[in-house]
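Colleague: sequence plus predicted model, see below.
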Amino acid sequence: MIEDSAKRAKRIQDITFILKDLLKVIKVVYMYPEDNPLPQSLKRSFSEKLVSLVEEHGDISVKVKQDQLFYEEESVFTDKSKEEALAGIFFETGITRFAFTDGLDIPDVHKLLDVFKLYLNSPCHSFDIVAGFWEAQIVGFSFATVEDVALAEYDDKFDYQDYLSRGGADRETGPRTGKSTDEGYQKIFQGHIDLDALEKVDEELSKYKGKIDKSKPASREELLFYAQSFGTTDENFGDGEDEISLAAAEAAEKLGFTDQPLTGSSKPNTALILNDEFVLSEEEEERIHNLVAEDAYFEPFESTVEILKEMLLQETELPGFSETVAICEKIGSEFVQQGRLLEAAQILEHLNEIQEEIGKQHPVWVERLKEALVTAGSRERLSHLRDSLNANQEIGAGILRKYLSNFGW
């Protein structure tokens, strides 16, 4: 029992970590262009990890709540904010449950991440992510939506042959509104217009008719008097239309409505309808202003540095940590070549700082960090620094000193 409990605890922990990695990879994939090495490396690493996890633990079925994800009734992920929301992505799109199942492969995980990228990059998240999942035909990934739950309650046990054998009568479990027989239905259409009876109606309406202004269109109350139903039998239903029309005209003449102008429903103004659809609400305008303001203050280089710091803190195993350090090296070298020495110095400074934090627990990780710092100060990297300084003469001595100070010189 202790062994089973330990296995379950490890499975819960692995699923928690893989969901955190999923959010991290989704953020990087949608922020960076396709040809950038960072999203490509992360997608490959995450795909391999997720596939191996499914092979190890079997199917992983996750239940979606508004801001939490559950595995076997235990919370495995909680949204911290709108920017750090994974459960919110599924919840807002109507997905109530998703699962990674047997048969999942690395290309399938790439398809899954591509659908997330289309959704997050679409204006106001207007892309239909559910349709995107269906069209991508991702093997090893299944999900359920709110519509699936509603359709699950549909009664599929209706016996049509039994229904016909009972003469088409209503089922006992269904609602009843009266006898549904052909005989009762035909009675509605039997009988003819009694013109003598209309004279009595005319006497009752004598006071009302004196108040009618025939120069104006008939009001709703006036038009109600035309609501008479005239029926025929099956034999003369198609041939009695002219007779009914004449009888109706005679009835209208006796009531004094023959000279009333015809009124019809006004056609909708398409321009007004379209204008209403394109007019933004106050909430939408505020959201757009906030997005524009955020875009104005967005700084891609600083944001990249913050993402790298977060990635280093999220790693719990040496292979993943070593790969993240390699990503830091590549991006730091790219920053130097583009003349962004301040941001490159921040990356090296962070590598120095986390050495003290993890030195006692992970001495092997510290060696990997030292190797990265030595490589950054190598002859080849310094030649890149020389070329960058020649191409970007606006770089000051203070920034250069801050960058070189990370090597302990």
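Modeller: Cool, got the structure.
Colleague: run a quick check on residue 407 versus residue 376, I expect a contact.
Modeller: Yes: using C-beta atoms under 8 Å, residue 407 is in contact with residue 376, at 7.4 Å. Bear in mind the C-beta positions are built from the backbone N, C-alpha and C, glycine included.
Colleague: can you pull the contacts of residue 322?
Modeller: Residues near residue 322 by C-beta atoms under 8 Å, 6 or more residues apart in numbering: residue 368.
Colleague: from residue 315, how far off is it?
Modeller: Residue 322 sits 9 Å away from residue 315, going by C-beta to C-beta, to the nearest Å.
Colleague: who has more neighbours out of residue 407 and residue 376?
Modeller: A count of neighbours by other C-beta atoms under 10 Å puts residue 376 above the other of residue 407 and residue 376, at 22 against 13.
Colleague: thought that one was touching residue 330?
Modeller: No: counting by C-beta under 8 Å, residue 376 does not reach residue 330; the two are 11.0 Å apart.
Colleague: buried ones in stretch 370-380?
Modeller: Neighbour-count burial for stretch 370-380, with 16 or more other C-beta atoms under 10 Å as criterion, is recorded at 372-373, 376.
Colleague: just the C-alpha atoms of that stretch, please, in PDB.
Modeller: Only the C-alpha atoms of stretch 370-380 are listed here, as PDB (Å, rounded to 0.1, in the frame of the first residue of the first chain):
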ATOM      1  CA  LYS A 370      30.600  27.900 -14.400                       C
ATOM      2  CA  GLU A 371      31.200  26.200 -17.700                       C
ATOM      3  CA  ALA A 372      28.700  28.600 -19.300                       C
ATOM      4  CA  LEU A 373      30.400  31.700 -17.800                       C
ATOM      5  CA  VAL A 374      33.800  30.400 -19.000                       C
ATOM      6  CA  THR A 375      32.500  30.000 -22.500                       C
ATOM      7  CA  ALA A 376      31.000  33.500 -22.500                       C
ATOM      8  CA  GLY A 377      34.400  34.900 -21.700                       C
ATOM      9  CA  SER A 378      36.300  32.800 -24.300                       C
ATOM     10  CA  ARG A 379      38.400  34.300 -27.100                       C
ATOM     11  CA  GLU A 380      35.700  33.600 -29.700                       C
END
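Colleague: which residue ranges of this structure form strands?
Modeller: With DSSP state E as the criterion, the chain has strands at 60-64, 68-71, 74-78, 95-100, 141-145.
Colleague: mind putting the ones you listed into TSV with mean neighbour count, distance to residue 106 and mean pLDDT?
Modeller: Formatted as TSV, the strands of the chain follow (neighbours: other C-beta atoms under 10 Å; distance: least, C-beta to C-beta, whole Å; pLDDT from 0 to 100):
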stretch	mean neighbour count	distance to residue 106	mean pLDDT
strand 60-64	20	16	93
strand 68-71	18	23	93
strand 74-78	17	23	91
strand 95-100	19	13	92
strand 141-145	18	13	91
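Colleague: between those strands, which one is closest to residue 337.
Modeller: Smallest distance to residue 337 across these (C-beta to C-beta): 37.9 Å, for strand 74-78.
Colleague: what's the angle from the closest one to strand 60-64?
Modeller: The directions of strand 74-78 and strand 60-64 differ by 70 degrees, with axes from the mean of the first three to the mean of the last three C-alpha atoms, to 10 degrees as the criterion.
Colleague: same for strand 74-78, what does it pack against?
Modeller: The helices and strands touching strand 74-78, judged by 3 or more C-beta pairs under 8 Å, 6 or more residues apart in numbering; DSSP states H and E, are helix 2-31, strand 68-71.
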